[in-house]
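1. Predicted structure and sequence below. I'll ask about it afterward.
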Amino acid sequence: MTVDDFRKLALDLPEAVESAPMNHPDFRVRNKIFATIWPDESWGMVKLTPQQQAMFVQAEPNVFMPVKGGWRRKGATNVKLEIADPTTVRDALVTAWRNVAPKTLARVHDL
């Protein structure tokens, strides 16, 4: 998977937009970040809950890794793009999107 594949999957989600206020791309729904491309273009990051993070890391430990430092405790999860399967990454992006999207918006869309 490439960074452009990750970007397309993120932007295909309802009301998702790309922004880059910190000099790296992030993806938002109604101004709340659910994913980023970081720390460089070989990595994505999805904003999961700690429980969701544990599930993805356990299922695909070579693809999903907790972000180093304090952010990992909040569920920030790196995605190694070059070995990631698009279907699995889409599942992680949808999960991250649902975590921050308003409940009324999430209910309307069956992803």
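-> Structure's in. What do you need? Residues are numbered from 1 along each chain as shown.

2. From now on I want contacts and neighbour counts done on CA atoms only, so please keep to that.
-> Will do.

3. Next, count neighbours for residue 69.
-> Per other Cα atoms under 10 Å, the neighbour tally for residue 69 reads 8.

4. Pull the contacting residues for the nearest residue to residue 72 once chain neighbours are set aside.
-> Nearest residue to residue 72 in three dimensions, chain neighbours excluded: residue 66, at 5.0 Å (Cα to Cα, 6 or more residues apart in numbering). Neighbouring residues of residue 66 by Cα atoms under 8 Å, 6 or more residues apart in numbering: 53, 57, 72, 75, 76, 77, 78.

5. make it 7 Å
-> The contact partners of residue 66, by Cα atoms under 7 Å, 6 or more residues apart in numbering, come to 72, 76, 77, 78.

6. Name the next helix or strand downstream of the helix or strand hosting residue 97, please.
-> Assigned by DSSP states H and E, residue 97 falls within helix 86-100. Next in sequence after helix 86-100, counting helices and strands by DSSP H and E, comes helix 103-108.

7. Could I get the buried residue list for that next one?
-> Across helix 103-108, burial judged by 16 or more other Cα atoms under 10 Å covers residue 106.

8. From the rest of the structure, what touches that helix?
-> Contact with helix 103-108 is made by residue 98, as judged by Cα under 7 Å, 6+ apart.

9. mind checking how far it is from the chain centre?
-> On the basis of Cα atoms, centre = their mean, to the nearest Å, helix 103-108 sits 18 Å off its chain's mean C-alpha point.

10. secondary structure class for residue 14?
-> coil (DSSP: H, G, I helix; E, B strand; the rest coil).
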